[in-house]
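Chemist: Okay, predicted coordinates and the sequence, questions at the end:
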Amino acid sequence: MRIVFEKRKTTSVAAMVLVPVVSFLVSLVLTAILLLVFGADPLKTFAAMAAGAFGNIHGFSETLVKSIPLMLTGLGVGIAFRLKFWNIGAEGQLTLGGVAAAGIALFMEPFLPGRSLLWAAVLGGMLAGALWAGISALLKTSLKVDETLVTLMMNYIAILYSEYLYYGPWRDPKGYGFPGSRMFSEAAWLPRLFGRAHAGLWVALILAVVLWIVFKRTRWGFELQIIGASQKAARYQGIAVERNIVLAIMLSGAICGLAGAFEVTGISHRLQQGLSIGYGYTAIIVAWMSQLNPLAVPFVALALGGLAVGGDQIQFVMGLPAAMGVVMQGLILFPMLAGSLFTEYRVKVLRREPAAACTA
Amino acid sequence: MRKTVLGLLAVLMMVSLVLPATAQARKPLKVAFVYIGPPGDLGWTYEHERGRLALQKYFGDKIETKYIENVPEGPDAERVIRQYAIQGYDVIFTTSFGYMDPTLAVAKDFPKVIFEHCSGYKTAPNMATYFGRIEEARYLTGIIAGRMTKSNKIGYVAAFPIPEVVRGINGFTLGVRSVNPRAQVQVVWTNTWYDPVKEREAAVALLDAGCDIIAQHQDTTEPQKAAQERGKFSIGYDSDMGKFVGDSVLASAVWNWETYYIETIRQVLDGTWKTHQYWGGLKDGIAKLSAISPKVPDAVKKEVETAQKKILGGWSIFTGPIKDQSGKVVYKAGEVIPDDKQLSMDWFVEGVVGKVQ
């Protein structure tokens, strides 16, 4: 008897719905076992986590605080992934977007009256993200340099550059030497909805819908789809492959940069440590779990944001060590990612050896 | 008979009126601690946790204490502090410098909750700060390091270039140079409070550069272990690190939060708590010198004792003449660096090799 995985010719709708549900149940069972080992009541823990993340205004606003950058970066890398362009540089694009927005908010105030300061900061963040991502796209299309390595390594450059700035020239002279820029003036603060949840939420939701329309209903979206499926085919169709890749990746970077701009103008109101805390990497998980469907991204991001905020309760309510929260997040994500195998492949159990060649 | 019954009823009614009030008064005071690392770091957080446990033991069921560990400085901290405030905690201790602004933000929204921030400088009517002159203990450890070094190069693994850390390096170096003017203290910045791997790497780099004693301003015992593995001595910080690492730790400058935590909570329970900026020293017992390793000769121990008596007698370790790194006298003989200049210290004394970034 042998078990083989056979690629599905068409993605099964039933599998697309069933697999995430079953994976989620498997995750719950795995975490429950872990909790039992540590002597905690799993049901109580799950209830406390859900209540902490969604059960009150404070928790929900904090879940949104985590979800908004995940939505944006998830949408951003999703565009690149459709082209089979493996942009894992969302973290760097986010960081540089935050740096650019902070630079404008800190130093352009004399020239930009009132709210134009915020607008400029946000646009500057997008531009920085777009250019940063654009470098990797240009290297790919002109010199065939592998984008996975380039985008990953550019993350470190961006993060170290931001550290240089808030440890060095941008450090708050009144901050007693602690790293971090001074606070922006309030003109550069992004409006908040409730708690710390900010207006970036609306932008992220609108972007999700717009991107969905672009992919489903526009010529450009269709061209990108063909490029993603086969660059050769796209060229036969007369599609400008290189130009479209560069444009799409710049859009991807712009959205990640926007996430960074929102982090500094909406949450921290300064450039400081804590800007790069892995949103750009979690974005990859968001993009895959939503099967690259922009409309699914907000929901997945909300779930992952809730997981992070609900994780606090493991310490608050259950009194378990902080590391347990991280382990649980891993245990929940792992089956979800493993499950995606089953949406793309069909499992076949072969009872008889089909051919001698195969057993060799 | 009827009268006695009526009388009893009246008494019962009065009791029932009084009871809820006393029951309410008995509700334990809820005290929360926010930690940057785990109590298992055997250093900074470990000492705060010891303080918390002592506090709980001292007040018993009059108070209820809880802590949350591994809370990063930055935007995440505000969420955690706010959550404690929402859960109805009466007093919240936040025990890392980077929690200052988040603590202040939450304090503004919860005027009835008392916030105590360790090591910062911002206060509010309901937010106090507390810290200690650990550099006094460091000065004493510096005397030991100055006597025990053979290469005259002492390494110092340091967290952030902020006044708290700079003060410690200067205090330590003044101690070293008081007995060995040829010795130098070489500083490496890690830019993190708690990162065992980075702390170790920094110590190894200093050892490679020829340092034969490792001092530190970090949260864990990793620099001590790195020195021990090379057969070198070290000076501990936060806790009595000799207990965890061994005799190679010559002495440690240790924190003792217990007294402060008990006193603060007593004031809260009495209703006498007022915002303040506490900055105690050796004589208050908040900063201490640990037991000294048997590897240190008695003559050196005597020297340390003499200096300790001087400090306990009111002498400041920051008494001139003090020279800066260029050799220029910045404080003349007999002149003491005033407190506000100590709190904003951003320059190194002569004998330190390195830069305040």
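Modeler: Thanks, I have it.
Chemist: which secondary structure element contains residue 52?
Modeler: Using chain A here. helix A:42-54 (DSSP states H and E).
Chemist: not what I meant, chain B
Modeler: Assigned by DSSP H and E, residue B:52 belongs to helix B:44-59.
Chemist: With residue A:135 instead?
Modeler: When elements are assigned from DSSP H and E, residue A:135 belongs to helix A:116-143.
Chemist: Now do the helix or strand following that helix: everything it contacts.
Modeler: Remark: after helix A:116-143, the chain's next helix or strand is helix A:147-167, criterion DSSP H and E. Helix A:147-167 has contacts (Cβ atoms under 8 Å, 6 or more residues apart in numbering or on different chains) with A:85-89, A:91-93, A:95-96, A:98-99, A:132-133, A:135-137, A:139-140, A:179-181, A:271-273, A:275-276, A:280, B:191, B:357. Backbone N, C-alpha and C define where each C-beta goes, glycine included.
Chemist: next structured bit after whatever helix or strand residue A:58 lives in?
Modeler: Assigned by DSSP H and E, residue A:58 belongs to helix A:57-82. Tracing the chain C-terminally past helix A:57-82 and defining elements by DSSP H and E, one meets helix A:90-107 next.
Chemist: Where does pLDDT dip in the chain?
Modeler: If you meant another chain, say so; for now it's chain A. A:1, A:9-12, A:352-360 (pLDDT under 70).
Chemist: Correction: the question concerned chain B.
Modeler: Along chain B, segments meeting pLDDT under 70 span B:1-26.
Chemist: Which parts of the stretch 201-350 of chain A are helices?
Modeler: According to DSSP state H, counting those that start in this stretch, the stretch 201-350 of chain A carries its helices in the segments A:219-229, A:231-236, A:241-262, A:279-289, A:297-310, A:312-316, A:322-344.
Chemist: Mean neighbour count, those: which tops it?
Modeler: Highest mean neighbour count of the helices of the stretch 201-350 of chain A: helix A:241-262, a mean of 26 (counted as mean count of other Cβ atoms under 10 Å in any protein chain shown).
Chemist: Is any residue of that helix near chain B?
Modeler: No: using Cβ under 8 Å from any Cβ of the partner chain, we find that helix A:241-262 stays clear of chain B, coming within 12.0 Å at best.
Chemist: Centroid-nearest residue for the chain?
Modeler: Looking at chain A here, since you left the chain open. Central residue of chain A (Cα atoms, centre = their mean): residue A:283, 1.9 Å from the mean position.
Chemist: ah, no, chain B please
Modeler: The centroid of chain B falls nearest to residue B:255 when counting by Cα atoms, centre = their mean (5.2 Å).
Chemist: Quick one: residues contacting the nearest residue to that residue once chain neighbours are set aside.
Modeler: Leaving out its chain neighbours, the residue that sits closest to residue B:255 by Cβ to Cβ, 6 or more residues apart in numbering or on different chains is residue B:47, at 4.5 Å. For residue B:47, the contacting residues are B:238-239, B:254-257, by Cβ under 8 Å, 6+ apart.
Chemist: just curious, which of those is nearest to residue B:185?
Modeler: Nearest to residue B:185 out of the contacts of residue B:47 is residue B:238 (Cβ to Cβ; 18.6 Å).
Chemist: what's the burial count for the closest residue to the closest one other than its chain neighbours?
Modeler: In space, and not counting its chain neighbours, residue B:238 is closest to residue B:43: 3.8 Å by Cβ to Cβ, 6+ apart. By the criterion of other Cβ atoms under 10 Å in any protein chain shown, residue B:43 has 30 neighbours.
Chemist: One more: residue B:40?
Modeler: The burial count assigned to residue B:40 is 12, neighbours taken as other Cβ under 10 Å.
Chemist: Let me know whether the helix or strand harbouring residue B:31 sits next to chain A.
Modeler: Using DSSP H and E, the element containing residue B:31 is strand B:29-34. No: judged by Cβ under 8 Å from any Cβ, strand B:29-34 stays clear of chain A, getting no closer than 9.4 Å.
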